[in-house]
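Q: Structure for the following, please:
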Amino acid sequence: MALGPMIRLTARHYLAIALIAFATLLPGRASLPPLDRDEPRYMEATAQMLTSHDFVDVRFLDQPRYLQPAGIYWLEAVSVAVLKGGPVRTAWPYRVPSLIAATLAITLTAWLGASLFGARAGLLAAGLLDASTLLTAEGRMATIDSTLLLAVMVVQIALWRAYRDGRAWKTTPIGWALAYWIGMGCGMMLKGPVILIPGLLTPLMLWAWDRDRRWWHNLRPAWGWLLALAVVLPWCVAIDVVSHGTFFSRAVGTNFLGKIGHGQQAHGSPPGFHLLVFAIAFWPGAAFAAWAAPAVWTRRDRPEVRFLLSWIVPHWLVFELIATKLPHYVLPTYPAIAILTAAALCTWPWQVARQRWARLLIGVYLAVGAVAGLAFCVAGPVLLWRIEHIMSPRALLAVVGAVPLVVAVFWLWRQREGERAAWSAIAAAVVIHTGLFVAVIPRLQTIWLAPRIATMFADFKPCPNSTLVSTSFSEPSLVFLVGQGTHLLGPDAAATYLGAHSQCALALVDRRDGPAFSAAMARQHLMPVEYGRIVGVNYSNGHKLDLGLYAPVAQ
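A: From the prediction side, this is the model:
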């Protein structure tokens, strides 16, 4: 049913939006194994938290995990405890907070977009965010970014209400101030000071742009900051005592500030990285966003446009300028980009860019979007055939469903039917993503080494509490699936461990490490006996592995 410009979205509409978003993010969640490397670290740390009942000091194996506060681990622990009653070695319960947070963020995007530009724009903005490649991935993983996005949405919506009321000389109800400061506190419990970038830089840019900050008092800053501190301070005091101050030196000094000056974990990139990656990360909406950019800029004096630009620009610039760059760093700007794009498509006249830079930008993003769309269409069957030599009818069905929709995007765009073209692109993305997560990715057994190793270990372990010593495969997914007793050691140390635990320990050794391991075992007067073998690829680093599972036998 088409929505006219004066139609308002009701609670039933928002419930339907939430259910649709939930349904589009659900496929593949239970069948996907832990995705190296960050996700299983979060899941294993949560599992250890549930086992130890220590909800302050977060650990991965025997090492403290002092990267960010405990908020995400608490959310995952509650999810696992409610759904499973205790720590489990399956991934899906740990992913539920991300699913719920992404669903709510999409729904709030619809609400804010409808409030600013009307119902059609709100719905389209929610669709663009829901279908975006980056949120499609993050919403399926047990990591921080979807929950942080929800906290940012709450903070920014409260900011908009205070800004709007201030311009109209109205006093904002206290509930919005509570939402802002509690949202800031929750954001700090999730990812430390990162929430301050959108939460404080947005009002700072608005102050500089308008030269008016009277509206800021609508958020009751005189006491509001105490409320934000009340959310995060108890845990901060507790972890400072437990870690003897180490947490803050690592989390702030090393992890947070360290990312500014140099690229951590080989993720350093020059400025412009996020602008380039955006073409894929926000696909299929990136090309539409590029087309909308000139129209947005010409309307920058409108309060709602100015607010959304103040949300996007400072956040984006900060993460373009710091040395460490990952695509999800700018995810908190995606709702604002989706809303502005939807407004240009639904409520503003069709505009042909006159600026040379705009035509170039649009041309590049349209070309990348077209190539990406066609590539995504055929990616599933091609991957299955190249990696597993399988031809899947279900994967082919996704292609059959998506290709006509992608073709329709080009035809509608040429007819200057931008809104309909965007909906066709969203539909194509949903079909493609569903096909990939249901019919393709779970079947790529060659790259899913950790689940195969865990199954082999469970089949051959000699004792109920057997331990696995891995010399050649040290991905966190293995630790999560096998258990906290997993040991990641070199060949010599592995042989020594097997000598001391010969009754119940097994070793996982790659063929290339076999000679060193056998020599070390001989020095322990032991002989390795092979129980099973797995061949595959560690997709995290591209290394081909030929892994044998060994038990020690006395010579």
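Q: So what does Gly272 look like in phi/psi?
A: Backbone torsions of Gly272, given as degrees, to the nearest 10, read phi 100, psi -10.
Q: Skipping adjacent residues, who's closest to it in space?
A: In this structure, Gly272 finds its nearest non-sequential neighbour in Glu320, 6.8 Å apart by C-beta to C-beta, 6 or more residues apart in numbering. Every residue, glycine included, has its C-beta placed from N, CA and C.
Q: Check Ile447 too.
A: Tyr539 (4.3 Å).
Q: surely that neighbour meets Ile441?
A: No. Taking C-beta atoms under 8 Å as the definition, Tyr539 is not a contact partner of Ile441, at 10.9 Å.
Q: These two - which one has more neighbours?
A: Counted by other C-beta atoms under 10 Å, Tyr539 and Ile441 do not tie: Ile441 has more neighbours, with 20 against 16.
Q: Now do the more buried one against Ala21, distance only.
A: Noted for Ile441: a distance of 20 Å to Ala21, by C-beta to C-beta, to the nearest Å.
Q: go on, Val469?
A: Separation of Val469 from Ala21 (C-beta to C-beta): 44 Å.
Q: and what of Trp311?
A: Taken as C-beta to C-beta, the span from Trp311 to Ala21 is 21 Å.
Q: Kindly report the same for Gly363.
A: Counting by C-beta to C-beta, the separation of Gly363 from Ala21 is 32 Å.
Q: Those two: which is more packed in?
A: Between Gly363 and Ala21, counted using other C-beta under 10 Å, Ala21 has the larger neighbour count: 25 against 13.
Q: ok, back up a step: which helix or strand lies directly C-terminal to the helix or strand containing the residue nearest to Gly272?
A: In this assignment (DSSP states H and E), Glu320 forms part of helix 303-321. Later in the chain than helix 303-321, the nearest helix or strand by DSSP H and E is helix 334-346.
Q: Centre of the chain to that following helix, how far?
A: How far helix 334-346 lies from its chain's middle: 21 Å, per C-alpha atoms, centre = their mean, to the nearest Å.
Q: And for it, what's in contact with it?
A: With C-beta atoms under 8 Å, 6 or more residues apart in numbering as the test, helix 334-346 has contacts from 105, 108-109, 112-113, 116-118, 120-126, 128-129, 132, 134-135, 149, 153, 156, 282, 285, 288-289, 291-292, 295-296, 305, 308-309, 311-312, 351, 418-419, 422.
Q: Which among those count as buried?
A: 105, 108-109, 112-113, 116-118, 120-126, 128-129, 132, 134-135, 149, 153, 156, 282, 285, 288-289, 291-292, 295-296, 305, 308-309, 311-312, 418-419, 422 (16 or more other C-beta atoms under 10 Å).
Q: what angle do the helix or strand hosting Trp207 and helix 303-321 make?
A: In the assignment (DSSP H and E), Trp207 maps to helix 196-210. Between helix 196-210 and helix 303-321, the angle comes out at 130 degrees (axes from the mean of the first three to the mean of the last three C-alpha atoms, to 10 degrees).
Q: and the angle from helix 196-210 to helix 334-346?
A: Going by the same axes, to 10 degrees, helix 196-210 makes 50 degrees with helix 334-346.
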